[in-house]
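Q: Pasting the sequence and the predicted model now:
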Amino acid sequence: MPRSNLDIHRKKGGSSYVLREKLFVAACLVAVFLPLLLLLTLFGKLLADGLPRLSWEFLTSFPSRRAAEAGILPAAVGTLYLIVLTALLALPTGVGAAIYLEEYGKKSRLAALIEINIANLAGVPSIIYGLLGLGLFVRTLGLGRSLLAGAATLALLVLPVVVVSTREALRTVPLSTREACLALGATRWQTIRQVVLPQALPGVMTGSILAVSRAMGETAPLVVVGALAYVPFLPDGVFAQFGALPIQIFNWVSRPQPAFLVNAAAGIVVLLVMMLVLNAAAILVRDRLQAKHGRAS
Amino acid sequence: MASYFMQTQRLSFAVSCVVLATAATFTGCSKNAAPSGEPAAPSTEPGAAPSAEPVADRVIAIDGSSTVFPITEAVAEEFQKENRAKVTIGVSGTGGGFKKFCAGEIAIAGASRPIKPTEETACSAAKIEYIELPVAYDGLAVVTHPKNTWAKSLTVAELKKIWEPEAQGKLLKWSQVRPGFPDKPLRLFGPGVDSGSYDYFTKAVVGEEHKSRGDYTSSEDDNVLVKGISTDKLALGFFGFSYYFENKDSLKLVPIDDGIAENGAGAIAPSHETIEKGSYQPLSRPIFIYVSKQAVERKEVRDFVGFYLNEGIKLIEEVGYVKLPEDAYKLARARFEQRTPGSLFAGAGSKVGVTVTDLLAGK
Amino acid sequence: MQMAAAARPESATRRSRVKGQSRLMSERILESLLVLSGLVSVLTTAGILYVLAWETVQFFSEVSLIEFLTGLEWTPLFADARFGILPLLMGTMLTSGIALVVAVPFGLMAAIYLSEFAPSKLRRVLKPALEMLAGVPTIVYGYFALVFLTPLLQSVVPGLSGFNALSAGIVMGIMITPMISSLSEDALSAVSNNLREAAYGLGSTKLSAIFRVVVPAATSGVVASIILALSRAVGETMIVAIAAGQQPRFTLDPRVPIETMTTYIVQISMGDVPAGTLEYRTIFAVGSTLFLMTFAMNVLSQRLARRFRER
């Protein structure tokens, strides 16, 4: 970006120019900071409403008709189970697809087809995935409104993100590394498994954890696939009915009594904390793996 | 390099263990968790076989009316404190509940109107027999925003003018309801078409069940209606009295004048007394639960319904509904014990202005 | 490995050849597993298309396409059933339009500032900070719209209903601002400095250079970002489901309850309608419309972005 000498411009545009430019920059700064300030204020109010409600009772109680006794235990546990299942379904598939696209199929038409699909799927609204889950997993495959159906739906939703971030991580490994391995007589898979993947692992893990953390906050597909107004027990298997944090928050937000809105705020705080923990874990994992890799190479 | 890979494997394993351990801790610490050795293990293996009994047998699945929901929710909560059964309650509306009931998907359907002939046909076609049990009285409350100063009462004729099908797209302002009302938009809220409250209201007010205008905010979830009306000064809507009772501070009741002096002259507001005495007409009605005879073969369902009809009725006033007379409950319990099938309303749908005790006693 | 084997006796060579063949086998199996993983995405697209098309075709066997596309009333469940999707479409466009009115000025000005004025250290902090706006779960935004923004607006806007398009639209606008700001900033930064230098050389002031040279040069990238943001707003569900209302209404009035296509799908799904009914099929018909709209917008946006990148 070339340096802009205000004096030169003042000569060109006249004395009013400096004022105009300063006003414009001020307006731009407002445009940048206003949304951020708004968000900060809203979060402040959220914490003010929700934090006092947080307690061990709240975290370990079941939903109740009495707002003061209601808790998020089944919702939080449901969310934990969901993301573990989603990760188990999405990560192998996503990493596998990315490896295929990056290492094997560079010139094939199949790879191009898969690439186009991934690019388009990334832009499909999440509720359409919910409809897919409803039509395919819940009804046609007969999984019912179960944890498995919900996790499968979420896995499909985050798959494009996992593929894209894994591909970017794989690309950070220089081509020369791969060629050196192949020259030493290793097969392609040996190269990938023992050299490329470990080097790319920090990026892969980070991207995957971030994708799964996004899935945690998704409400719309879960509502279409599995919402129930009242699930007062913990799921005991993949085919069980389930609750989840976003659905419980949605349920409480829909209730008119102010006490339930406070519960919703507390629920949101729990959800955001869980997401933050997961994101922090992602960064931690990446840093530790990168440090280790630095020492190993 | 191989050792590096093993290290990362160990790391991922450690991370998963932490996640599972957290989940297990939550499960272990909860008060009402079903006892199980490794609660986390089955759900993390997608290929794991489901538990021996299908889930449907261990869960009491309830669905149906949002009007009946507050009672069923309260009963289920108290019941689960003493029993290890699991109860789920959906809010699909009376019609939605019956659809699932007659498809064998749920054990109990909550209904704010009696079963219809078409639903009876569907049930008998699927060989599902039901036991009809009235549980409480409800009055359909007509409500507005607290700052609504003009609608001090409404007549049934005016309600009909507002809600009949011909009003769609035409009756859009308060001034069209009654001259003297402000010339401002009329914002309507009401139950959706799967709701028994909707069916009963249309029958009692419009004169024909299931016929009304369609251009209003409709929802089977009465909480949405309460929210909408309590935040809009120009709003008007109706729903079960329990939802007014729980939100008294943010809503205003509109007394209704049915033009019949015998059961109370002038405009009458719903309250425990007027609903119980039967002077709040035509919008007082009994609400029910329907239990499937097949489900009754399970012990947990029998226990639950027994609990509902005994300890549960103490909760009815707590949520804002009106108890039936004690005789009616005695007859209802007997009906359940004898597993009497069929509807008291001979499948003809709601009867406006009827006493439940008489019906149960067979008069 | 093979070279060492050659020095060993015959049986070892045979052994290593077998080992080599089995390695080839396992390589092939692995490769097919990877291909299968890749095919999951193709199957997902196929699944979406199939599920939507199947139910939609059956829907149109009972409802006329003309009524669906041109009817002004959406009351599919009532006794007097009407199946015109325009009210839902209007609800979606109203909320998305309000979102763009908020996001385009904010996003563009932020992009111009970040690209043309901000020192690089500030840019490195502000750009990800803005992108955080997109990372907040939408249910949190819905909560904000209903609990904080609507009461605030009710004191300012006369006749504002508790459920309305305005609150939801504004909050959606905040959410999609980073899409416009980040992508437009990329587009603006990618404009070659030569153009700027040339403009200054011809006597242009900085503001003139920005608005007359740089921004027009980045037009396709900027427009691509706006279309992408619009597509995101159109597909958004939770904010409108919580704050915009549940009344299908063909109106441009942002103060009244409306219903978007996404809210309708949520509303009906929460009732768990039995498969095979007309009610069940309506959510897929609406879903198909939504899918076609967002797909078209995404493709358009990708084409524009590609054209911009090629320059």
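A: On my side now, so go ahead.

Q: any idea where the strands of the stretch 51-200 of chain B begin and end?
A: Ranges of strands in the stretch 51-200 of chain B, per DSSP state E, counting those that start in this stretch, are B:59-64, B:86-89, B:108-111, B:130-144, B:154-155, B:187-191.

Q: just those: most buried one?
A: Counting by mean count of other CB atoms under 10 Å in any protein chain shown, strand B:108-111 has the highest mean neighbour count of the strands of the stretch 51-200 of chain B, with a mean of 30. For the C-beta atoms, the positions are set from N, CA and C on the backbone; glycine is no exception.

Q: Remind me what that strand packs against, helices and strands.
A: Packing partners of strand B:108-111 (3 or more CB pairs under 8 Å, 6 or more residues apart in numbering or on different chains; DSSP states H and E): strand B:59-64, helix B:69-82, helix B:93-101, strand B:284-292, helix B:299-309.

Q: TSV for the ones you listed, including mean pLDDT?
A: Below are the helices and strands packed on strand B:108-111 laid out as TSV (pLDDT from 0 to 100):
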stretch	mean pLDDT
strand B:59-64	90
helix B:69-82	90
helix B:93-101	88
strand B:284-292	91
helix B:299-309	92
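
Q: Report all helices and strands that the host helix or strand of A:L85 contacts.
A: In the assignment (DSSP states H and E), A:L85 maps to helix A:73-99. Contacts defined by 3+ CB pairs under 8 Å, 6+ apart place helix A:73-99 against helix A:56-60, helix A:147-171, helix A:197-216, helix A:245-253, helix A:258-296, helix B:2-29, helix B:40-44, helix C:10-60.

Q: Now do it, average pLDDT.
A: Averaging pLDDT along helix A:73-99 yields 92.

Q: Could you do stretch C:253-265 as well?
A: On average, stretch C:253-265 scores 94.

Q: before we move on, what about stretch C:240-250?
A: Per-region confidence: stretch C:240-250 scores 93 on mean pLDDT.

Q: What are the buried residues along it?
A: Within stretch C:240-250, the residues that qualify as buried are C:V240, C:A241, C:I242, C:A243, C:A244, C:G245, C:Q246, C:Q247, C:P248, C:R249, C:F250, counting by 16 or more other CB atoms under 10 Å in any protein chain shown.

Q: Using a markdown table, lay out those together with distance to chain B and secondary structure.
A: Listed next are the buried residues of stretch C:240-250 as a markdown table, based on distance: CB to the nearest CB, whole Å; DSSP: H, G, I helix; E, B strand; the rest coil:
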| residue | distance to chain B | secondary structure |
| --- | --- | --- |
| C:V240 | 13 | helix |
| C:A241 | 10 | helix |
| C:I242 | 10 | helix |
| C:A243 | 10 | helix |
| C:A244 | 11 | coil |
| C:G245 | 6 | coil |
| C:Q246 | 5 | coil |
| C:Q247 | 4 | coil |
| C:P248 | 8 | coil |
| C:R249 | 7 | coil |
| C:F250 | 10 | coil |
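
Q: among those, which are in reach of chain A?
A: Applying CB under 8 Å from any CB of the partner chain, the subset of the buried residues of stretch C:240-250 adjacent to chain A comprises C:A241, C:I242.

Q: Max pairwise distance over the buried residues of stretch C:240-250: which two?
A: Taking CB to CB, the two most distant members of the buried residues of stretch C:240-250 are C:I242 and C:F250; they sit 22.2 Å apart.

Q: burial of residue 151, as a residue count?
A: With no chain named, the answer covers chain A. Using other CB atoms under 10 Å in any protein chain shown, A:A151 has 29 neighbouring residues.

Q: hm, I was asking about chain C
A: Neighbouring residues of C:P151 were enumerated by other CB under 10 Å; the total is 13.

Q: That one: which element?
A: Following DSSP H and E, one finds C:P151 within helix C:150-154.

Q: so what does that helix touch, helix or strand wise?
A: Packed against helix C:150-154, as judged by 3+ CB pairs under 8 Å, 6+ apart, are the following elements: helix C:165-190.

Q: how about the helix it packs on, does it get close to chain B?
A: No. Against chain B, helix C:165-190 shows no contacts by CB under 8 Å from any CB, the least distance being 10.9 Å.

Q: Any idea how far the helix or strand following that helix is from the middle of the chain?
A: On the C-terminal side of helix C:165-190, the nearest following helix or strand under DSSP H and E is helix C:193-201. In terms of CA atoms, centre = their mean, to the nearest Å, the centre of helix C:193-201 is found 35 Å from the chain centre.

Q: and what of stretch A:123-143?
A: On CA atoms, centre = their mean, the centre of stretch A:123-143 falls 19 Å from that of its chain.

Q: residues of that stretch that come out buried?
A: Those would be A:123-139, A:143, for stretch A:123-143 by 16+ other CB under 10 Å.

Q: Quick check: which of these are also close to chain C?
A: Applying CB under 8 Å from any CB to those, one finds that A:123-132, A:134-136, A:139 fall near chain C.

Q: now those residues as a markdown table including pLDDT?
A: A markdown table is the format used below for those (pLDDT from 0 to 100):
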| residue | pLDDT |
| --- | --- |
| A:G123 | 91 |
| A:V124 | 95 |
| A:P125 | 95 |
| A:S126 | 95 |
| A:I127 | 95 |
| A:I128 | 95 |
| A:Y129 | 95 |
| A:G130 | 93 |
| A:L131 | 92 |
| A:L132 | 94 |
| A:L134 | 89 |
| A:G135 | 88 |
| A:L136 | 91 |
| A:R139 | 84 |
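
Q: give me the low-pLDDT residue ranges for the stretch 51-200 of chain B?
A: Scanning the stretch 51-200 of chain B for pLDDT under 70 picks out B:51-57.

Q: show me the contacts for the closest residue to A:L101 other than its chain neighbours.
A: Sequence neighbours aside, A:A111 is the residue nearest to A:L101 in space, at 5.4 Å (criterion: CB to CB, 6 or more residues apart in numbering or on different chains). Going by CB atoms under 8 Å, 6 or more residues apart in numbering or on different chains, A:A111 touches A:Y100, A:L101, A:Y104, A:G105, C:G38.

Q: would you turn those residues into JSON lines with distance to A:L175 and neighbour count?
A: Compiled in JSON lines, those are given as follows (distance: CB to CB, whole Å; neighbours: other CB atoms under 10 Å in any protein chain shown):
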{"residue": "A:Y100", "distance to A:L175": "17", "neighbour count": "25"}
{"residue": "A:L101", "distance to A:L175": "15", "neighbour count": "26"}
{"residue": "A:Y104", "distance to A:L175": "15", "neighbour count": "19"}
{"residue": "A:G105", "distance to A:L175": "16", "neighbour count": "21"}
{"residue": "C:G38", "distance to A:L175": "21", "neighbour count": "27"}
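
Q: Turn those into JSON lines, columns for distance to A:A87.
A: As requested, these are exported to JSON lines (distance: CB to CB, whole Å):
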{"residue": "A:Y100", "distance to A:A87": "20"}
{"residue": "A:L101", "distance to A:A87": "20"}
{"residue": "A:Y104", "distance to A:A87": "24"}
{"residue": "A:G105", "distance to A:A87": "25"}
{"residue": "C:G38", "distance to A:A87": "19"}
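
Q: And the furthest pair within these?
A: So, the contacts of A:A111 by CB to CB: farthest apart are A:Y104 and C:G38, at 9.0 Å.
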